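1. below: sequence and its predicted model.
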Amino acid sequence: MPRKAVHRINLPLFVLIALMALSVWTGLRLVLWLVTGPAQMGAGQAAQAFALGLGFDLATLAFLLSPLLLATALYPERWRPARWSRRLYWKCAGLALAILLFGAVSELVFWQEFTTRFNFIAVDYLIYTNEVIGNIFESYPVGWIVLAIAAAAAVVTYGVSRCVTPFSRSMSWRRRLAMVGMAAVLPLSSWQLASVDQMEVTGNAHADELSGNGLFSLAAAMRRNSLDYDKFYSTMPQPRADAILKAAGVERAPLSDVLATPPETHEPDALGPFRRHPRNVVLISVESLSAKYLGVYGSNAGLTPNLDRLAAQGLKFEHVFATGTRTVRGLDALSLGTPPIPGQAIVRRPGNQHLSTIGELLEHQGYATYFFYGGYGYFDNMNAYFRGNDYRVIDRTDFPKASVVFENVWGVADEVLYDNTLPVLDQAAAAGRPFFAHVMTTSNHRPYTYPDGRIDIPSPGGRKGAVKYTDYAIGRFIENARSKPWFKDTLFVIVADHCASVAGKTRLPMDHYRIPLIFYAPDMLGPGVHAPMMSQIDVAPTLIDLLGAKGHDHFFGQSVFAAQDRPERAFISNYQELGYYRDGLLTVLSPKRRVSAYRIDPVTYEGTAAAVDPLRADEAIAFYQTAARAFKRGEMVAHEYQEGPKP
């Protein structure tokens, strides 16, 4: 009996690829919704996300189809019937599907890490390919994934080929001209009509992100990686902003005045709970250490026995908030004491040399200043930034090979970092110089690998294992330092650069910015708890003040032990939204000069939409506007290096 003929549909290549793209992107959106958990958004919000998502998919296709339309219009008529032409059609279709599937898998991996579509972090990952690609290969079975993608693309393409045939009819010149016109009009229309800002319509951050298209968001992030505050955000006359900041205790004397004046004399209460000034400071900024992982901040997982002990024996800061979601934001805050500026962090920007950082201030006053990093310091421009601000930089390239007992793509194990830190500090102390050392760790980062036999969670142990190893390494470092003659005169500061995750129902979920801060100096500081809220930008001026050095009043942050009658506030941000938290109200400044507010529950830190308080909005604008302008105009540069204000 003869087989029934299969009816085949004639489709131009650009139509077939468009249908494939829409199918893959819709399927990806469905998977991301299931991964996130339908409970994170209502049915109405999910429906909005899928409907709006189709719009973003079409806007993305408007760009992708343009070259295909042009190629179809210019394809010679005599080539269409050829067998090789049909084979080329299916090879292009299969390759396009494989690329679409690869992009979908990449987005799924990115979503699991950040719960967002591709954004400015993905842009940075395209730059630092060595670490990123190495991290991927160490964390996932890449070969099997690529093989599965290729097999899936081949099977689907073959199946489609049974019911679709290449479009082979001749085309008139009018039709070809129309395709050329569409190739020009479609991307221009998408450029004018579609914007990532249109994602923010549901009021639920998960749903808003779900509605996006990864390629569209990635392209937008490339364009917006640097945002000019005055162009995109609410502003006010600068004299008014200065008056608001002065009332908040921010006076930022010129650095030349700070260094030219006689040493400051501190009132006894300026030291807070300290019995005397420390001579040295070791500041450990721990990669991705959310407060919620520590027992002293409420965890029952038992991952941080050493940090819990140090906190119980030292000063634990109860309510501290990171300024951002990335290491470079934490480095900005901890070194420069400034609210985050929109777009790229200052660490990554040109013109960031000889700023009024804690290293610049202390180096001018005779301190040996160091930045130790367990990875390659060229990543995120860390080497250039810290060297340009009078730190001596020491990274993994400076460690003796024999000392490196374990390493992964991101850096050496934390214990190796600490073991190579101690001899350098010994040398500074032997030379009679006080020192300030900023130590940046890497172990608490994917792929979460560490040396065997250190803790009871085998490597790779995921986030829990990495946190417990981080705790082990810090405890070991403190014990090794305890035998040093400089130990009794040294303040150890343990803080995070940012939290492990920033995903939440709002763009700036307060609970995902809460970080630990512990001061440990048993010879000069007894056990205690500092209950008032503070920002990560307050660490640098507080340390300057505690050292008895000059310059604590040069920062936007405040010295928490010297501050009296100053408001408790925090600054949190992603690369676009700028948050100002005070008196239970989070005021958020966004592009297009938008201002919104959220009432924050004091226990859970959950946010609910609230009316904007004009007074708090003015304070937020004053801080962020002045900080952005100060960097842009060169007003953060140490005075002796300034060439005059920039326009």
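-> That came in fine, so what should we check first? Residues are numbered from 1 along each chain as shown.

2. what segments of the stretch 51-200 of the chain are strands?
-> The residue ranges that make up the strands of the stretch 51-200 of the chain, judged by DSSP state E, counting those that start in this stretch, are 164-166.

3. so where's it shaky on pLDDT?
-> The stretch 51-200 of the chain contains residues with pLDDT under 70 at 114, 120-132, 135, 167-169.

4. that one: helices as residue ranges?
-> Ranges of helices in the stretch 51-200 of the chain, per DSSP state H, counting those that start in this stretch, are 83-114, 120-127, 129-139, 142-161, 173-193.

5. could I get the ones you listed as CSV with distance to residue 556 and mean neighbour count?
-> C-beta here means a position set from N, CA and C on the backbone, and glycine is covered the same way. Below are those laid out as CSV (distance: least, CB to CB, whole Å; neighbours: other CB atoms under 10 Å):
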stretch, distance to residue 556, mean neighbour count
helix 83-114, 27, 17
helix 120-127, 23, 17
helix 129-139, 31, 15
helix 142-161, 43, 14
helix 173-193, 37, 14
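
6. residues near residue 526, how many?
-> A count of nearby residues for residue 526, using other CB atoms under 10 Å, gives 12.

7. what about it, distance to residue 308?
-> The gap separating residue 526 from residue 308 is 17 Å, by CB to CB, to the nearest Å.

8. quick one: low-confidence ranges for the protein?
-> Using pLDDT under 70, the chain drops low at 1-7, 114, 120-132, 135, 167-169, 222-226, 252-270, 502-506, 563-564, 639-647.

9. so for it, the centremost residue is which one?
-> For the chain, the residue nearest the mean C-alpha position is residue 326 (2.6 Å; CA atoms, centre = their mean).

10. so how far is residue 247 from the nearest residue to it once chain neighbours are set aside?
-> Distances taken as CB to CB, 6 or more residues apart in numbering place residue 498 nearest to residue 326, at 6.1 Å, with adjacent residues excluded. According to CB to CB, residue 498 stands 30 Å off from residue 247.

11. the two: which is more packed in?
-> Higher neighbour count among residue 498 and residue 247: residue 498, with 27 against 12, using other CB under 10 Å.

12. so the more buried one makes contact with residue 321?
-> No: the pair residue 498 / residue 321 is not scored as a contact, 10.2 Å apart, by CB atoms under 8 Å.

13. quickly list what's touching both of those two.
-> 513, 515 (CB atoms under 8 Å, 6 or more residues apart in numbering).

14. related to what we said a few turns ago, residues contacting the residue nearest to residue 326?
-> For residue 498, the contacting residues are 288, 322, 324-327, 329-330, 513, 515, by CB under 8 Å, 6+ apart.

15. sec struct for it, please.
-> coil (DSSP: H, G, I helix; E, B strand; the rest coil).

16. pop the domain breakdown of the chain in here.
-> 9-225, 271-566 (automatic domain parsing).

17. so can I have JSON lines of those domains showing distance to residue 633?
-> Formatted as JSON lines, those follow (distance: least, CB to CB, whole Å):
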{"stretch": "domain 9-225", "distance to residue 633": "21"}
{"stretch": "domain 271-566", "distance to residue 633": "10"}
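
18. any idea which of the ones you listed is most buried?
-> For the domains of the chain, the largest average neighbour count (mean count of other CB atoms under 10 Å) is found in domain 271-566, namely a mean of 21.

19. is residue 67 in contact with residue 183, as I believe?
-> Yes: judged on CB under 8 Å, residue 67 makes contact with residue 183 at a distance of 7.3 Å.

20. the stretch 351-500 of the chain: strands as residue ranges?
-> If DSSP E, counting those that start in this stretch is used as the criterion, the strands of the stretch 351-500 of the chain fall at 368-373, 392-394, 435-440, 490-496.

21. thought residue 186 was touching residue 64?
-> No: taking CB under 8 Å as the definition, residue 186 is not a contact partner of residue 64, at 9.5 Å.

22. what's the closest of the helices of the stretch 51-200 of the chain to residue 317?
-> Among these, helix 83-114 comes nearest to residue 317, with 26.7 Å by CB to CB.

23. look up how far residue 93 lies from residue 159.
-> The spacing between residue 159 and residue 93, counted by CB to CB, is 12 Å.

24. ugh, wrong one, residue 386
-> For residue 386, the distance to residue 93 - CB to CB - is 50 Å.
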